[in-house]
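# The following comprises the amino acid sequence and a computationally predicted model.
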Amino acid sequence: MSDYFADLIPSGDLAAAVARFYRMAGRPDTLAHVSLVATEAEGLAEELGVDRAAVNLAALAHDLAAVVPVAEMPD
């Protein structure tokens, strides 16, 4: 199994790191999706008074496995 997450390099800018990861994986569609989810989630976090940074992290990271081909996912 390949290390599909080798290009997920932590940095001080989570959004930039995730964007770079999805671009390098050839998944601009997933980047667009998680970016929209993050925008919506941050709005909800604001309304609900919860930690926006944690919500942003969850939203940006929720589809990281999209870079792994289905045939290589564990059963």
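Happy to help now that I have it.
# Residue 61 - how many residues pack around it?
15 (other C-beta atoms under 10 Å). Any C-beta I mention is one placed from the backbone N, CA and C, and that applies to glycine too.
# For the chain, name the helix or strand with the lowest mean pLDDT.
Between all helices and strands in the chain, the lowest mean by mean pLDDT, DSSP states H and E belongs to helix 14-24, at a mean of 87.
# Need the contact partners of whichever helix or strand comes after it.
Downstream of helix 14-24, the first helix or strand assigned by DSSP states H and E is helix 28-48. Residues from elsewhere that reach helix 28-48, judged by C-beta atoms under 8 Å, 6 or more residues apart in numbering: 15, 18-19, 22-23, 51-52, 54-56, 58-63, 66-67.
# and helix 28-48, average pLDDT?
Averaging pLDDT along helix 28-48 yields 94.
# Just the C-alphas of the helix or strand following that helix, formatted as PDB.
The first helix or strand that comes after helix 28-48 along the chain, using DSSP H and E, is helix 52-61. Provided in PDB are the C-alpha atoms of helix 52-61 (Å, rounded to 0.1, in the frame of the first residue of the first chain):
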ATOM      1  CA  ARG A  52     -14.000  27.700  15.300                       C
ATOM      2  CA  ALA A  53     -10.400  26.400  14.900                       C
ATOM      3  CA  ALA A  54     -11.400  22.900  15.900                       C
ATOM      4  CA  VAL A  55     -14.400  23.000  13.600                       C
ATOM      5  CA  ASN A  56     -12.200  24.300  10.800                       C
ATOM      6  CA  LEU A  57      -9.700  21.400  11.300                       C
ATOM      7  CA  ALA A  58     -12.500  18.800  11.300                       C
ATOM      8  CA  ALA A  59     -14.100  20.300   8.200                       C
ATOM      9  CA  LEU A  60     -10.800  20.500   6.200                       C
ATOM     10  CA  ALA A  61      -9.700  17.000   7.200                       C
END
